[in-house]
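Quick one: sequence and predicted model below, then my questions.
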Amino acid sequence: MYFSKPAAAATVAVCLAPLSASGDDPIQLNPVVVTPTLSTQTVDESLSSVTVIDRETLDRQQPRELGDILRGQPGLDVQTNGSFGKATSVYTRGTGSESTMLLIDGVRIRSATTGGVPWQFIPPQLLDNVEVVRGPRASIYGADAVGGVVQAFTPDGRDGDQYWIQGGYGSFDSSEIGAGFAGAADGTSYSVSTNRFHTRGAPVREDGDDRGFVNNANVGRLTHQFDNGTEVGVLGFRAEGNTEFDGGDTDFLNQAIGAHTLIPIGAAWTTRLQISQARDEQENFEGSGISVFDTETRTARMENTAIHGNNEVVFGAEFQRDEVAGTTDYDETRRDNRAAFGQYLIGGDNSEIQLSVRLDDNEAFGDRVTGGAAFGQALDANHRLRLSYGTAFRAPTFNDLYFPFTDYGDGFIFEGNDNLSPERSQTAEIGITGQYQHLRWDLAAYQSHVDDLIQNAFGNDGVMRPENVDRARIQGLEGSLQTRISAWDVQASATLTDPRDRDSGERLERRATRTARLDLDRSIGTASVGASGIFQGDRYQGDDRLPGFGLMNLRAGWEFARNWSARLTIDNVFDTDYVTARNSTSDFDYKNAGRTAFLSVRYGNR
């Protein structure tokens, strides 16, 4: 799953992307994506709901963390335990926080112990673009792609020689410095960049102390293509630092290393081989205790792609090994997963069909078969209809299965349950897109049924264990719009979600049922201005209702000399007091930072 994005893919997005810098330039609305099907295709050719966030958007909005740019995107709901490097969860289409997969250049990043993704530790400053695919993708990517897949791509150097250095300072004693270079010559492309962000942080609870954060991150890619078309490449990504939380702090390390080769077997057949290693390590200091949780995932994958006319077949196999270590004595510390998969894409003049299937054989919970089918039909020159159905599953984590019997005192005892089955889901979707010269809109409706939901429950012996106890029904409606109005580039999106427990009829915890986002940007000569409005509705955590909120972010940029630019961002302009999560154990709401300003200066030709 190591992908090399074509240069064209970094130019536009479905509902969040810059339009052209000049009001007279045409609007680019149809980027190339690879995440939905493993092969390059335009967004209009894709039978999935896709959002692309490109390099220009990241540069203009200057998000400090990946969750900042995902908040309010179609189908996405972001929850944080405070600001600046604090635990972040992304809920896609009402599914659980462990049901959205994160890939960095095709390498999966997550903790095998908790199942969570370290969204807060992935710096957007090192990314080239991000693809968000909504809907089940287990038949391509395996376990946990129930709600969707987010894939972040790092620069590959194929756009020519580039160099940059950037520094900035802002509220809460926040500072940043980064640099990088990229280029290509004689079939070899390369890219290296680094970034350091440090802040004293903000309180995460009322009347609490500031909780700091430091993140040192680096990324590098090297690819060479031989005259016969064979390609070899390596990737390295590493983010390490420290984040403070209420009552302690965590030293963290997230790392991805990958190597791939692409071999042309014939004029219409290619084979891709990829090996990778991903590490998620945390050392937690709380009170007088220290806890260590280290996860390592090693993956070997083969993909074969054969093209015949307008049809394409992809088939292959994958082996993945998860290993955990640390201070917790798990009953099992390793599990293997073997998989075989296939996909058939049938293209026509006005219609397309996608069929996919995958078999996973996991030594912890046995065999699972997932599949998907999608159909697209052009209604006329401007409108296109798509229909899809897919199944997926979420694998129990090491904590779910193997956590040892632990007495925390006060009558609270917890242990894992090695009899768990994976969560299973079935999702149906219908969508329609309209695209014109200066306007694109997309509307999608979906319904998911999730069975064998894994929830913690007290047994007759008074011990809390994960159990397959619940069923869920999730219905939703998403809409997005991109256009230009009087020299203003406009991107808007809105989501309505109804996630329900099918047995009790209650809303699922932690999910907001309404989200919306509006981005406005305009270039005025060598200057630019912009604003983002973000809205999230209320959510429940246990019996506690966390109210909804609205945020306003402003930004401005100025290219004041050749290769020199300055950018100012002011987030949460109205200093809104808002929370998205609650600490139920200690009975307090997690506060987020108030008004935050950041000024950066950049030198470079990118």
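On my side now, so go ahead.

from here on, contacts and neighbour counts on C-alpha atoms
Fine.

Quick check: bridge partners of the one residue sitting closest to the centre of the chain?
Centroid check for the chain by C-alpha atoms, centre = their mean gives residue 150 as the closest residue, at 3.3 Å. With DSSP bridges as the criterion, residue 150 is bridged to residue 102, residue 132.

Please apply the same query to residue 317.
With DSSP bridges as the rule, residue 317 is bridged to residue 302, residue 340.

From residue 390, how far off is it?
20 Å (C-alpha to C-alpha, to the nearest Å).

neighbour count winner among the two?
Counting neighbours by other C-alpha atoms under 10 Å for residue 317 and for residue 390 shows that residue 390 has the greater number, 24 against 18.

isn't that one right next to residue 427, touching?
Yes. Taking contacts as C-alpha atoms under 8 Å, residue 390 lies within contact range of residue 427: 5.4 Å.

following the longest strand along the chain, which helix or strand shows up next?
What stands out as the longest strand in the chain, according to DSSP state E, is strand 464-485. Of the helices and strands lying after strand 464-485 in sequence (DSSP states H and E), the nearest is strand 488-501.

What pairs with the very next helix or strand once past that next one, parallel or antiparallel?
Sequence-wise, the next helix or strand downstream of strand 488-501 (DSSP H and E) is strand 514-524. If you go by DSSP bridges, strand 514-524 pairs up with strand 488-501 (antiparallel), strand 527-536 (antiparallel).

any chance of those strands in JSON lines, plus mean pLDDT?
Shown next, in JSON lines, are these (pLDDT from 0 to 100):
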{"stretch": "strand 488-501", "mean pLDDT": "95"}
{"stretch": "strand 527-536", "mean pLDDT": "97"}
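
So for residue 120, which of those sits nearest?
Minimum separation from residue 120 across these (C-alpha to C-alpha) falls at strand 527-536, 18.8 Å.

Report the distance from the closest one to the chain centre.
Strand 527-536 sits 21 Å away from the centroid of its parent chain (C-alpha atoms, centre = their mean, to the nearest Å).

And it, what's buried?
528, 529, 530, 531, 532, 533, 534, 535, 536 (16 or more other C-alpha atoms under 10 Å).

Repeat that for stretch 314-332.
The neighbour-count check on stretch 314-332 (16+ other C-alpha under 10 Å) flags 314-325, 330, 332 as buried.

Looking at those, which one is closest to residue 355?
residue 314 (10.4 Å).

lowest confidence element among the helices and strands of the chain?
Ranked by mean pLDDT, DSSP states H and E, the helix or strand of the chain with the weakest confidence is strand 41-42, at a mean of 80.

That strand pairs with which strands, and in what direction?
Paired neighbours of strand 41-42 in the sheet (DSSP bridges): strand 32-33 (antiparallel).

Assign a three-state SS to the nearest residue to residue 327 once chain neighbours are set aside, would you?
Among residues not flanking residue 327 along the chain, residue 292 sits closest, at 5.3 Å (C-alpha to C-alpha, 6 or more residues apart in numbering). Secondary structure assignment for residue 292 (DSSP: H, G, I helix; E, B strand; the rest coil): strand.

chain center to the next helix or strand after the least confident helix or strand of the chain, what's the gap?
Using DSSP H and E, the helix or strand that follows strand 41-42 towards the C-terminus is strand 49-53. With C-alpha atoms, centre = their mean as the basis, strand 49-53 stands 11 Å off its chain's centre.

so what secondary structure elements neighbour strand 49-53?
Counting contacts by 3 or more C-alpha pairs under 8 Å, 6 or more residues apart in numbering; DSSP states H and E, strand 49-53 is packed against strand 129-134.

returning to what we had before: among the buried residues of stretch 314-332, which pair sits farthest apart?
314 and 330, at 37.7 Å, using C-alpha to C-alpha across those.

so how far is residue 405 from residue 412?
In terms of C-alpha to C-alpha, residue 412 sits 11 Å off from residue 405.

anything in contact with each of those two?
Counting by C-alpha atoms under 8 Å, 6 or more residues apart in numbering, residue 412 and residue 405 have no shared contacts at all.

of these two, who's got more company?
Set residue 412 next to residue 405 and count neighbours by other C-alpha under 10 Å: residue 405 wins out with 16 against 12.

which residues touch the more buried one?
Taking C-alpha under 8 Å, 6+ apart, we find residue 405 in contact with 413, 414, 415, 416.

in a helix, that's where the last one is, yeah?
By that I understand residue 416. No. Secondary structure of residue 416, determined by three-state DSSP: coil, with no helix assignment.

buried set for stretch 221-235?
221, 222, 223, 224, 225, 230, 231, 232, 233, 234, 235.

For the top helix by length along the chain, C-alpha coordinates in PDB please.
Using DSSP state H to define each element, the chain has its longest helix at helix 55-61. C-alpha atoms of helix 55-61 as PDB (Å, rounded to 0.1, in the frame of the first residue of the first chain):
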ATOM      1  CA  ARG A  55      -0.800  21.500  -0.300                       C
ATOM      2  CA  GLU A  56      -2.100  25.000  -1.000                       C
ATOM      3  CA  THR A  57      -4.900  24.600   1.500                       C
ATOM      4  CA  LEU A  58      -2.500  23.400   4.100                       C
ATOM      5  CA  ASP A  59      -0.200  26.300   3.500                       C
ATOM      6  CA  ARG A  60      -3.000  28.900   3.600                       C
ATOM      7  CA  GLN A  61      -4.800  27.600   6.700                       C
END
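
Any buried residues in that helix, and which?
Buried residues in helix 55-61, counted by 16+ other C-alpha under 10 Å: 55, 56, 57, 58, 59, 60, 61.

And the next helix or strand past it?
helix 66-70.

which ones are touching the nearest residue to residue 233 once chain neighbours are set aside?
Nearest residue to residue 233 in three dimensions, chain neighbours excluded: residue 223, at 4.0 Å (C-alpha to C-alpha, 6+ apart). Residues near residue 223 by C-alpha under 8 Å, 6+ apart: 156, 188, 189, 190, 231, 232, 233, 234.

and if you look at residue 567?
For residue 567, the contacting residues are 60, 555, 556, 557, 558, 599, 600, 601, by C-alpha under 8 Å, 6+ apart.

next one: residue 238
217, 218, 219, 253, 254, 255, 256.

Pick the one among these closest to residue 276.
Nearest member of the contacts of residue 238 to residue 276, counting by C-alpha to C-alpha, is residue 256, at 7.2 Å.
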